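Trainee: Structure here, sequence nowhere to be found:
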């Protein structure tokens, strides 16, 4: 059957109907369909204080509950909360809001750890809340970054705007590769 066949005409021929649907699906997936779908960007939404941010999905390994115990690191900055054993791997835990100079994160039931998916710098970023996946269309992106209360503009890479909500894109790789992060010793 050709791709222009009327699916309704195949209702009495289930095998041919499925074959036609599969063919149309393959054509659309290959980008040869009559209408191409706009690009979608997916990130992980999180909150620091009263502000919301989004991090690229590929920069987040996983989202974890705050561990029951962690070991303090002698001589480390106050924002270095400690080292935790998570599934047999040691992960340094960082209070992101405190590191940025905006006060300590209040540890609550909603507090989460974002495990950064960086190949060389393992890190767990402690945030007030993780809000799950956020999907945005390509046209919702703007290079401009809004001013933030938590003073993190140097780690922002544009923002997505939907309605009256702005979602600054927080670049976790820029954070863990920054000098301030890599030199966590107390001064």
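Mentor: Done, it's in. It should be emphasised that the depicted structure is a prediction, and the values quoted were computed from it without experimental measurement.
Trainee: tell me the mean pLDDT over stretch 79-93?
Mentor: Stretch 79-93 shows a mean pLDDT of 91.
Trainee: which residues touch it?
Mentor: 64, 67, 69-73, 94-96, 98-99, 113, 115, 122-124, 126, 184 (C-beta atoms under 8 Å, 6 or more residues apart in numbering). For every residue, glycine as well, the C-beta is placed using N, CA and C.
Trainee: Next one: residue 12 from residue 20, what distance?
Mentor: According to C-beta to C-beta, to the nearest Å, residue 12 and residue 20 sit 13 Å apart.
Trainee: Can you pick out the residue with more neighbours from these two?
Mentor: residue 20 (20 against 7; other C-beta atoms under 10 Å).
Trainee: got the contact list for the helix or strand hosting residue 113?
Mentor: In the assignment (DSSP states H and E), residue 113 maps to strand 112-116. With C-beta under 8 Å, 6+ apart as the test, strand 112-116 has contacts from 44, 46, 55, 59-67, 86, 91, 93, 122-127, 129-130, 172-173, 175-176.
Trainee: Which residue ranges of this structure form strands?
Mentor: Using DSSP state E, the strands of the chain run over 40-48, 51-56, 60-65, 80-86, 89-95, 112-116, 124-127, 129-137, 141-142, 156-162, 165-170.
Trainee: just these: most buried one?
Mentor: strand 124-127 (a mean of 24; mean count of other C-beta atoms under 10 Å).
Trainee: Got the domain ranges for this structure?
Mentor: Listed by automatic domain parsing, the domain ranges of the chain are 1-37, 40-182.
Trainee: Return the member of those having the minimum mean pLDDT.
Mentor: domain 1-37 (a mean of 66).
Trainee: Show me which helix runs longest in the chain.
Mentor: Ranked by residue count, the top helix of the chain under DSSP state H comes out as helix 14-29.
Trainee: returning to that earlier point: rebuild the strands of the chain as CSV, extending it with distance to residue 25.
Mentor: Listed next are the strands of the chain as CSV, based on distance: least, C-beta to C-beta, whole Å:
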stretch, distance to residue 25
strand 40-48, 18
strand 51-56, 28
strand 60-65, 30
strand 80-86, 40
strand 89-95, 40
strand 112-116, 35
strand 124-127, 39
strand 129-137, 21
strand 141-142, 28
strand 156-162, 29
strand 165-170, 32
